[in-house]
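>>> Pasting a predicted model and its sequence here:
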Amino acid sequence: MKFGSVLQACRERAGLSQEELAHQLNRTQSCVSKFEKDRKVPDIGTFMQWVQITNAPEVAVAFLYGMDGINIIHQLLPLIGGLILSLRF
């Protein structure tokens, strides 16, 4: 399953650089880049850490329920992002 763009969107929404996320995942920036470009597939532990660090549990749920990456980016992430902004103010 290809979902590098979803991982990248989660990271960017969390305001993290590849280097910052790599440090938190105990990986290299190159490894994070490979995940985001679908050149490498994260194991489930790394995926769940990514989801936790970027505060994107809805992404994990969407994948578990079979939602594809494009729908997550176009439908789910904007909704969650807007909800978070409205809760902050």
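Perfect, thanks for sending it. Here the structure is a predicted model, which is why all the values come from computation and not from measurement. Numbering: from 1, shown residues only.
>>> buried sites along the one helix or strand residue 23 maps to?
For residue 23, the host element (DSSP states H and E) is helix 18-25. For helix 18-25, the buried set under the neighbour-count rule, 16 or more other CB atoms under 10 Å, comprises 18, 21-22, 25. In this view, the C-beta of every residue, glycine as well, is placed from N, C-alpha and C.
>>> Relative to residue 61, how far out is residue 33?
According to CB to CB, to the nearest Å, residue 33 stands 26 Å off from residue 61.
>>> Name the nearest of the buried residues of helix 18-25 relative to residue 46.
Distances from residue 46 to those, taken as CB to CB, are shortest for residue 25 (6.3 Å).
>>> tally of neighbours for the residue lying closest to the closest one once chain neighbours are set aside?
Of all residues not flanking residue 25 in the chain, residue 49 sits nearest, at 5.7 Å (CB to CB, 6 or more residues apart in numbering). Look at residue 49: counted by other CB atoms under 10 Å, it has 17 neighbours.
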